[in-house]
Every structure is written in structure tokens, then in C-alpha cells.
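1. my questions concern the predicted model and sequence given below.
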Amino acid sequence: MDSIIQKIAEQCLQANPRINELAVCELRPYIESFLDSNWLNSELAEYEQWALNNSDPFLQRNLLHRPINSNFIVVAIWAARSWEKEYQEDKSFRPPMGPKRLLNIACSLAVLELHAGVLMDNDAREHIRQRLQAHDQLWGLIHECNTFAYFVQKSLDVEPSFLRKASQQEILLRSKGQKVQVQCKCKPPGAGRAISQENFTTLAGCIARDIRSSKQKLIIRIGSTGQIESQDIEFLRNQFRGGIGIYNSPLLVRNNQRTFTIQTEPLMGEITVDQARSYLGNYDLHLIMGVAEPVENSEKYETVVIVGIDAKPNEKPWNSLERSIRDGARQLQQGQLGIVAIHYVDHIGNFEQLQPGDMPMGFKMGELIRTTPQLGAVILSSEPDLQLPGAGDPGQSKWYYKKGWPFMSDIPFG
């Protein structure tokens, strides 16, 4: 391991670690070293070709705007490289949210390499490469690396069994003579939800790009009574290509037997970050994204476009979550309490959103833990929201655990 990367990994394990955001300049090549260079160059070229007609650097660097089912790591690397080029010309240009997200993931990978010891052999590195390059396996690996780094940071003895390709066990914790197994489950975009946050970001980013090109500034509401599926993205985007009129009353459009509404109104003015948070929160929308450009020599931003999904879908996210928890619990060792760690690729602003009906999340989760053999604790986490300045750090996480389990007293939560 390179001495600079080792030093960064060691800093990550300090109490309340603060990694210099400029460390992305070292961590971007580090994470690239795990990838096949020919594969990466090909993926980057394909992504850049897509971006020519579907995105722009602002959306790419800040929101990691990308096509559906594309590889997240490729887009994050592009964002970091793009920022580095600008940084060479202007040292005041700080890393936007996209490169900062890559930094967080690379830090976890560096902690893994620092502490994995002999397990980090050629076979393990090849296994990591394969999973990083497979978009349907990537998030599972990211979740495992983040979970591993979290427990190492808590000063526990952690074994990353997930480095062995055939291993059914993922992470093993040791503390004061106790052994605790951790099973990691990653919830893909849209899990249990009618509309995937990832698909929405792709759609809203493309609409923002088109509206910006038309020199309009609009608030756009897209109404739906059901799911918005991947095949609806291009159809809905096409409603806004080349500009759009002002529709104070909903305009009906149909695609594949599904009906959508479009409503628009003019948008104008400048806004601060705090005002933006409050402003976006005032809209009773299922999903919302706002795009604004910084005003020179000011803390304000000039609003460009707001895109929202106006829907009240009948979602059952608890059913999806419960299935994952039970699947993880079945993989835990018989007769011993273990942990199931669940990570949502979509951003979850409040885990109470996942609750069944009006029942508090803590009550339902406590009931599930109490009645499920081998289940000692559940950890929920999600990806961060990259929309507002200051984002890019890991998303929130929350513990639910069996009362009186001695192992929990060994984990410093502070």
C-alpha cells in the first residue's frame, strides 16, 4: 500500500475523522488501480458520449447524473477527473459532491486494505475488481467495505470474509471472546418504492439540461397515479425537449396505457442554501430536485429549474425491508445472535418513511428482532442526498438491537 494512502486510511480510523477533501486527488487513482484500465477507458468514453446529448458537467460533477443501469464508480471517477482538471487552473474550485462521494468510498476501501492483511491477496483483488466493474454487484461491495470500516473504526477485531469469493459469511466481529456474524444486504434503486430515486435523478437531470438549453426557468410537476418505470423516462423527457409552455392546469399525456400529467409555472429569483431547503420542503411532492447556479461573489444561487413528481403511490417499503432482514437472519449462524446490515442505494431522508402504516419504526423493528431467532441487531443506512452543497458525506445510519445483548455494550456509539 502506498504510504500516502496508508496515512489517509489511518486518519479515517481516528475519532471523528476529518479527511481533507483534496485527498480525492490521491484516492481517485487508488480506486482506479483496482479496475482494468481498458475496461475503464471504454466505459468513460461511452459515458462521455451519452453526456453530450443528455447532461452537462454541472449535473455530472454534482449529482453524478448518469444513464439508467450504468456503473456508479465510472461516473464518480469521471466527476473526479473533471474536477481535477478545473482545479489545476483554479485552486479555489473545491471538490463538488460527486468527487466527495468517491472519496468516501475509496477511504473505506483503503481501510479494508490496511486491515485485511494476508486476505488481500491476488485472488481477493481480482474478486474486488470483478464486483467493482459489475454494476449489479458494485453496491453490495461498497456496503460491505463501509460496514467493515465502520466496525474497525469502533476498535473491534473485524474479519472481511467477503473477500473470499465462495464465502457464505460476510463479516465476522470479535470482541472480549465473543464472535458476532454480520450479514450485509443492499437494497437496489427503487426497492419497495413506486419510483426509484436513481431513475428520478436521471429523468430530472435530463429535463433540467433541456430546459436550461431552452433558456427557460420553470417549476415542473409530473403527476402519476402509479409507478414510473424505466421505459417511461425517455417518453417523459421528450415532453420537454426544445422548451415547453406554461400549463397552470395539468396537461394529460399517455405512454403504454399509463397516464401522466404535466403542470408548469415560471421560476425566478435568487436563493440561499437554507432558503432552498425550506423552499423545496414547501412542495408536497413525492420526489423533487432543484437546480441552481452560484451567483458570483455571493452566497446566493440563481434558480434554474425545479422538477418534482406529484404522486401518492401505494408503496409498501416495509415488506421489502422485512424480507431482506429475514433473508439475512437465515444466513446467520444457528444458536448465536448476529447483525443484519441493510443499505439503501436510494437516499432515505428519514427511516420512518419505511414504517408499516402508522406504526413507529422502532416498535415494529423491535418486534421483528424479538421474534426472529439469531437476530441481535439491524443497522439501516442509505446513500446521501447529493443535491445541496455540503452533501457527499456518507448517508445517515440507525441501529435497532435486542435489549440486554451484552455485545452491544462493547460498541462505542458516540
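-> Yep, that arrived. Here the structure is a predicted model, which means the values were calculated and not measured.
2. got the residue ranges for the strands in the stretch 101-250 of the chain?
-> Using DSSP state E, counting those that start in this stretch, the strands found in the stretch 101-250 of the chain span residues 157-160, 171-175, 178-187, 218-224.
3. lowest-scoring secondary structure element of this protein by mean pLDDT?
-> Ranked by mean pLDDT, DSSP states H and E, the weakest helix or strand in the chain is helix 273-281, scoring a mean of 73.
4. right, and the strands of the stretch 101-250 of the chain - which one's nearest S381?
-> Smallest distance to S381 across the strands of the stretch 101-250 of the chain (CB to CB): 9.9 Å, for strand 178-187. In this view, the C-beta of every residue, glycine as well, is placed from N, C-alpha and C.
5. only the buried residues of the closest one, if you could.
-> When neighbours are counted by 16 or more other CB atoms under 10 Å, the buried residues of strand 178-187 are found to be V180, Q181, V182, Q183, C184, K185, C186, K187.
6. distance between stretch 96-106 and the chain's centre?
-> Between the centre of stretch 96-106 and the centre of its chain there are 11 Å (CA atoms, centre = their mean, to the nearest Å).
7. need the mean per-residue confidence for that stretch.
-> Along stretch 96-106, the predicted confidence averages to a pLDDT of 92.
8. what's next to that stretch, contact-wise?
-> When contacts are taken as CB atoms under 8 Å, 6 or more residues apart in numbering, the neighbours of stretch 96-106 outside the stretch itself are 19, 21, 23-24, 27-28, 30-31, 60-64, 73, 75-77, 79-80, 83, 95, 142, 145-146, 384, 386, 389, 391-394.
9. tally of neighbours for the residue lying closest to D410 once chain neighbours are set aside?
-> Take D410 and drop its neighbours on the chain: the residue closest to it by CB to CB, 6 or more residues apart in numbering is S175, 4.5 Å away. By the criterion of other CB atoms under 10 Å, S175 has 18 neighbours.
10. my guess is S175 meets L156, correct?
-> Yes - with contact defined as CB atoms under 8 Å, S175 and L156 form a contacting pair (5.3 Å).
11. give me the common contacts of these two.
-> Counting by CB under 8 Å, 6+ apart, the contacts common to S175 and L156 are D410.
12. residues contacting the residue nearest to D410?
-> With contacts defined as CB under 8 Å, 6+ apart, the neighbours of S175 are L156, D157, F407, D410.
13. now restrict the residues you listed to buried residues only.
-> L156, F407.
14. possible to save the contacts of S175 as JSON lines with distance to G205?
-> Conversion of the contacts of S175 to JSON lines gives the following (distance: CB to CB, whole Å):
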{"residue": "L156", "distance to G205": "40"}
{"residue": "D157", "distance to G205": "43"}
{"residue": "F407", "distance to G205": "43"}
{"residue": "D410", "distance to G205": "44"}
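15. need the contacts of S175 in JSON lines (columns: distance to L380 and pLDDT).
-> Formatted as JSON lines, the entries for those read as follows, by distance: CB to CB, whole Å; pLDDT from 0 to 100:
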{"residue": "L156", "distance to L380": "19", "pLDDT": "90"}
{"residue": "D157", "distance to L380": "24", "pLDDT": "93"}
{"residue": "F407", "distance to L380": "18", "pLDDT": "86"}
{"residue": "D410", "distance to L380": "21", "pLDDT": "74"}
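16. mean confidence for stretch 239-248?
-> Computed over stretch 239-248, the average pLDDT equals 80.
17. correction: the previous question concerned stretch 168-176.
-> What stretch 168-176 shows for mean pLDDT is 88.
18. tell me how far the ends of it are from each other?
-> End-to-end span of stretch 168-176 (CA to CA, to the nearest Å): 24 Å.
19. CA atoms of the next helix-or-strand element following the least confident helix or strand of the chain as PDB?
-> Sequence-wise, the next helix or strand downstream of helix 273-281 (DSSP states H and E) is strand 287-294. Coordinates of each C-alpha in strand 287-294 appear next as PDB, following Å, rounded to 0.1, in the frame of the first residue of the first chain:
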ATOM      1  CA  LEU A 287     -39.700  13.400  -5.200                       C
ATOM      2  CA  ILE A 288     -38.200  16.700  -6.000                       C
ATOM      3  CA  MET A 289     -35.000  18.100  -7.500                       C
ATOM      4  CA  GLY A 290     -33.900  21.700  -7.800                       C
ATOM      5  CA  VAL A 291     -31.100  23.000  -9.900                       C
ATOM      6  CA  ALA A 292     -29.500  26.400  -9.300                       C
ATOM      7  CA  GLU A 293     -26.300  28.100 -10.300                       C
ATOM      8  CA  PRO A 294     -24.000  30.000  -7.900                       C
END
